[in-house]
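Student: here's my sequence, what's the structure:
(chains A and B)
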Protein chains: 2
Amino acid sequence: LSGIKVAILAGGQGTRFWPISRQTKPKQFLSISASGESLIQATYRRMLPLVKSSDILVVSNVAHKPHIEEHLPGVQIVCEPIARNTAAAIGLAALHIKRVSPGAAMILLPADHAVSDEERLRGTLKEAVRAATARDVLVTIGIKPTAPNTAYGYIKRGAKVDGDAYKVSRFYEKPSLERAKNYYDSPDFFWNSGMFVWRPEVILKAMADFMPALFEGLMKIEAALGTPQEQKTVAEVFSGLESVSIDFGVLEHARNCEVIAAQLFGWNDVGSWDAWAEHFTRDQSGNMVYGEALLLDASNCVVNSQSRLTALLGVDDLIVIDSGDALLVCPRGRVQDVKKIVEQLKKLGRGDLI
Amino acid sequence: LSGIKVAILAGGQGTRFWPISRQTKPKQFLSISASGESLIQATYRRMLPLVKSSDILVVSNVAHKPHIEEHLPGVQIVCEPIARNTAAAIGLAALHIKRVSPGAAMILLPADHAVSDEERLRGTLKEAVRAATARDVLVTIGIKPTAPNTAYGYIKRGAKVDGDAYKVSRFYEKPSLERAKNYYDSPDFFWNSGMFVWRPEVILKAMADFMPALFEGLMKIEAALGTPQEQKTVAEVFSGLESVSIDFGVLEHARNCEVIAAQLFGWNDVGSWDAWAEHFTRDQSGNMVYGEALLLDASNCVVNSQSRLTALLGVDDLIVIDSGDALLVCPRGRVQDVKKIVEQLKKLGRGDLI
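Tutor: Here you go, the predicted structure:
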């Protein structure tokens, strides 16, 4: 396979990872291994058997650029002046890739997801590249659900096209638990992984059809690429864009969508501290410690304590996360509400802590 | 009243106040008020309407001297080279007081207790001074129990002598809950507050009778007081002493013991983080915060967070104490076991954290 480019989408916020994640240092910079490798570093490294490092670019908010440079020295960075969701970020990436590699397949990867079967991931992406380039279609990687998860969007597959490639019957937003159970029981529903493959020309054509304002803005940017006006033009265009996801703005309307029905072991979007902890070994009492902790009569707890010793005594199912300047204590069942703390801090004017 | 000296016994360890309390900075340096006043500062200040500041001395382990000087600038400090429990500390204080004020009454106060009715405390101590000087007796301040507390020793009063002064019928060690309930129901049982009043000559005589080895050591120290050999002699004597409390070593044997049966509002020995928290105002959900915290769906929690923001989400009855270099999380029902963490850290060779 030739002509593959990878764009890593590093625009996430990760307010559910407070207090470690911050506006200026979001979730993709978190580590999910004892080696200390961050999510974005792992995302990058996983692609290296597939493409050269010069074929990888990162789309990032300008505020995160220093952290990207620290985690991925030398990587090509395309900066967004402000966050405008995935449609705008993908449009910007498509312009850059089209300019240097017209007709190439672009693989889009969220910077902050985890996957354990890396070899199979690359195989799945290769199949997606074949589908995208053979038929000029918009390919989403679908993942066979391993649980009735309500935190993911779903894709229903339609007619089989070739190998694991199917027409998309429909995209579904995050479901209720009841619906998620029905999807889980069906052979035709797959998690929407947020990983996509297409030619830049094909997605730009779809944007022209379904997001004409975005497309018009992108054309202005394209005209300015490589000129002294580039940065100023991007800033002007982005400030006028709506914040729309690629799924909602384009894929749900396009007719040329396919899904690769993948059985991808150990994929998840690391959506909470509880999900984060699943990537680490637990002790005999089910506790997971990242950093330094002393546990007495503690079970099924999660500790992230990098800058001091944390002692837990007689507690169960508790999450304790210490960022140095802030501390979070909550039960494992409340991890989805951590974002409420961030909202509260925002109301209190504590910009230093969010 | 004249001829009153006060000796504050500041030898406590306070391992139940880890991680704030440490070997080199024990419980008496903790604050129990929003003003930041420490327990030892409060103990000192409470005596100032009764005696001049030059009449107060502090008996302290040499390791704690810098903290004493910081909390009580200019105070007279008598250093113990090593901790040898209250009998030795009181003997040492008696020598110093006898030397400058023979025949004075000495008031002995633990440095790390709390009391809210300070005026009544001074009244009680005055009555104890009158008893101690009128009859050359060993006076313990007994406190009318307000609960069947199992963390305190008890005193049973005997025949009334004068005012609130009674002969001591017997001293009791910390009781079982069942016994504590019986004591609580009786009019004759009082908490042993650890506050004592006597003339130095009277307690030294009792030591000669019941702790002859201690007395012999004290006589060696007395001969060396004010000479170049003083420090060396104290070090030699203390290293050979048994670690015995004044109650066990002397008072339980002496015949000339009296108890002042006091109704002292708001006295306690601040024996745990839970007891510490009782000295502060709670919010409507029963939470007590010392420092900075953000509480969402939290109730009846205790937070001591001086150096960072602590966020509690969806937790109840939890204690969270942050010392900067260590963090404690435990339920309120487990505060008595905090000392186990200190023991564990000792085993692990973490002298830096104990």
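
Student: which one is the most centrally placed residue in chain A nearest to, not counting chain neighbours?
Tutor: Residue closest to the mean C-alpha point of chain A, counted by C-alpha atoms, centre = their mean, is residue A:110 at 2.7 Å. With C-beta to C-beta, 6 or more residues apart in numbering or on different chains as the criterion, residue A:110 has its nearest non-adjacent residue at 4.7 Å, and that residue is residue A:194. (Each C-beta comes from the backbone N, C-alpha and C, glycine too.)

Student: neighbours of the one you found, just the number please.
Tutor: 20 (other C-beta atoms under 10 Å in any protein chain shown).

Student: just to be sure, it is in a strand?
Tutor: Yes. Under DSSP: H, G, I helix; E, B strand; the rest coil, residue A:194 falls within a strand.

Student: which residues does residue A:300 contact?
Tutor: Contacts for residue A:300 (C-beta atoms under 8 Å, 6 or more residues apart in numbering or on different chains) come out as A:285, A:286, A:287, A:316, A:317, A:332.

Student: let's see it at 6 Å
Tutor: A:286, A:316, A:317 (C-beta atoms under 6 Å, 6 or more residues apart in numbering or on different chains).

Student: model confidence for the first one, exactly?
Tutor: Meaning residue A:286. Looking at residue A:286, its pLDDT is 97.

Student: same question for the last one.
Tutor: Looking at residue A:317, its pLDDT is 97.

Student: next one: residue A:15
Tutor: 86.

Student: what of residue A:2?
Tutor: 54.

Student: what of residue A:151?
Tutor: 88.

Student: and it, that one's in a helix?
Tutor: No. Residue A:151 sits outside any helix when classified using three-state DSSP, being coil.

Student: list phi and psi for it.
Tutor: Main-chain torsions, residue A:151, degrees, to the nearest 10: phi -100, psi 0.

Student: can you report how many residues lie near it?
Tutor: Counted with other C-beta under 10 Å, residue A:151 comes out at 14.

Student: now it: how far from residue B:184?
Tutor: Distance, residue A:151 to residue B:184, using C-beta to C-beta, to the nearest Å: 55 Å.

Student: surely residue A:155 meets residue A:258?
Tutor: No. Using C-beta atoms under 6 Å, residue A:155 is not in contact with residue A:258, being 10.0 Å away.

Student: might one say that residue A:222 is in contact with residue A:97?
Tutor: No. Taking contacts as C-beta under 6 Å, residue A:222 lies outside contact range of residue A:97: 11.7 Å.

Student: between those two, which contacts overlap?
Tutor: Between them, residue A:222 and residue A:97 share no contacting residue, judged by C-beta under 6 Å, 6+ apart.

Student: pull the CA atoms of the top helix by length along chain A into CSV?
Tutor: Counting by DSSP state H, the longest helix found in chain A is helix A:118-135. Taking C-alpha atoms only, helix A:118-135 is exported to CSV below (Å, rounded to 0.1, in the frame of the first residue of the first chain):
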residue,chain,number,x,y,z
GLU,A,118,-2.2,-3.2,17.6
GLU,A,119,-1.4,-5.6,14.8
ARG,A,120,-5.1,-6.2,14.1
LEU,A,121,-5.8,-2.4,14.2
ARG,A,122,-3.3,-1.9,11.5
GLY,A,123,-4.8,-4.7,9.4
THR,A,124,-8.2,-3.1,9.9
LEU,A,125,-6.9,0.2,8.8
LYS,A,126,-5.3,-1.3,5.7
GLU,A,127,-8.6,-2.9,4.7
ALA,A,128,-10.2,0.5,5.2
VAL,A,129,-7.6,2.1,3.0
ARG,A,130,-8.3,-0.4,0.3
ALA,A,131,-12.0,0.2,0.5
ALA,A,132,-11.6,4.0,0.5
THR,A,133,-9.3,4.1,-2.4
ALA,A,134,-11.0,1.4,-4.5
ARG,A,135,-14.5,2.9,-4.3
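
Student: that helix - contacts with which helices or strands?
Tutor: strand A:105-110, strand A:138-143, strand A:189-198, strand A:257-262 (3 or more C-beta pairs under 6 Å, 6 or more residues apart in numbering or on different chains; DSSP states H and E).

Student: would you list the phi and psi of residue A:55?
Tutor: phi -90, psi 0.

Student: how many neighbouring residues does it have?
Tutor: 21.

Student: correct me, but it touches residue A:5?
Tutor: Yes. Applying C-beta under 6 Å as the test, residue A:55 and residue A:5 come out as touching, 5.2 Å apart.

Student: isn't residue A:196 right up against residue A:110?
Tutor: No. If you go by C-beta under 6 Å, residue A:196 and residue A:110 don't touch, sitting 9.9 Å apart.

Student: can you dump the C-alpha coordinates of the one helix or strand in chain A whose mean pLDDT sits lowest into PDB?
Tutor: The helix or strand with the lowest mean pLDDT-type score in chain A, counting by mean pLDDT, DSSP states H and E, is helix A:273-277 (a mean of 91). Taking Å, rounded to 0.1, in the frame of the first residue of the first chain, the C-alpha atoms of helix A:273-277 are listed here in PDB:
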ATOM      1  CA  TRP A 273     -10.700   7.400  35.400                       C
ATOM      2  CA  ASP A 274     -12.300   4.000  35.800                       C
ATOM      3  CA  ALA A 275     -11.700   3.100  32.100                       C
ATOM      4  CA  TRP A 276      -8.200   4.500  32.400                       C
ATOM      5  CA  ALA A 277      -7.500   2.200  35.400                       C
END
